[in-house]
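*Asks:* I would like the atomic coordinates for the input below:
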Amino acid sequence: MAIKNKTRYAILGVLSLMSGSGYDIKKFCDKTIAHFWNENFGHIYPVLAQLEEEGLISKAASSKDERRKEYSITAKGREEFCKWMMEPIEFQPARSELLLKVSFGSNIPKERVIEMIKLVKQRYESRLEEYRAMEESFLKNKKESEKPESVYWIAPLRYGIIATEAAIKWCEETISRLNG
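*Replies:* Got it, this is the predicted structure:
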């Protein structure tokens, strides 16, 4: 079975929550799902054109700026999106340059591998701070956090926090073993 282009479903998902321009969609992704799903303008705009051509979204000029195109999901688009949501998740093997390099780390000085892992650990620690700030901000906003659908927003964020904590622990353990 061919792997489906998930960008189309990310866009339909965003448009299922709000209407918006390509820029609005990118901003939404950056603010809410970037910790587990990355979209860029190079993917968003061609997919918007394809979705419009397929009748899954419709375009109307914004009242503020006639050049700015705002998109909304159509009934057909919502139907396709919900159908995709009900499908089993496709397994996607993880790709990690860090793990690839560590796997072949015996080819370079051990100190260099430790240095790489320390740098990655710092990035994870920074990411963890961001995730915790996002969680705190979300939980402080009682209007949003008390909505029944808020569990669907906090769950992926908690996944990111727990996975990042585990990655930091792995870095510490691996450095210790390499030093050991």
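*Asks:* secondary structure class for the most centrally placed residue in the chain?
*Replies:* Centroid-nearest residue in the chain, with Cα atoms, centre = their mean: Trp37, separated by 1.7 Å. Each residue gets one of three states, and Trp37 gets coil by DSSP: H, G, I helix; E, B strand; the rest coil.
*Asks:* again with Glu70
*Replies:* Once three-state DSSP is applied, Glu70 turns out strand.
*Asks:* Bridge partners for it, pull those for me.
*Replies:* Glu70 has these beta-bridge partners by DSSP bridges: Ala60.
*Asks:* residues near it, how many?
*Replies:* 19 (other Cβ atoms under 10 Å). In short, each C-beta sits where N, CA and C put it, glycine included.
*Asks:* follow-up on the earlier one: now for the residue nearest to the centre of the chain: which residues touch it?
*Replies:* The neighbourhood of Trp37, defined by Cβ atoms under 8 Å, 6 or more residues apart in numbering, consists of 10, 29.
*Asks:* Roughly how far does it sit from Asp24?
*Replies:* 16 Å (Cβ to Cβ, to the nearest Å).
*Asks:* hmm, who's touching whichever strand or helix holds Ala49?
*Replies:* Using DSSP states H and E, Ala49 sits in helix 41-53. For helix 41-53, the external contacting residues (Cβ under 8 Å, 6+ apart) are 5, 7-8, 11-12, 22, 25-26, 57-59, 71, 77.
*Asks:* Which ones among those map onto strands?
*Replies:* 57-59, 71 (DSSP state E).
*Asks:* So which of those is the closest to Lys83?
*Replies:* Ile57 (15.6 Å; Cβ to Cβ).
*Asks:* Gly77 is in contact with the closest one, correct?
*Replies:* Yes: when contacts are counted by Cβ atoms under 8 Å, Ile57 is listed as touching Gly77 (5.3 Å).
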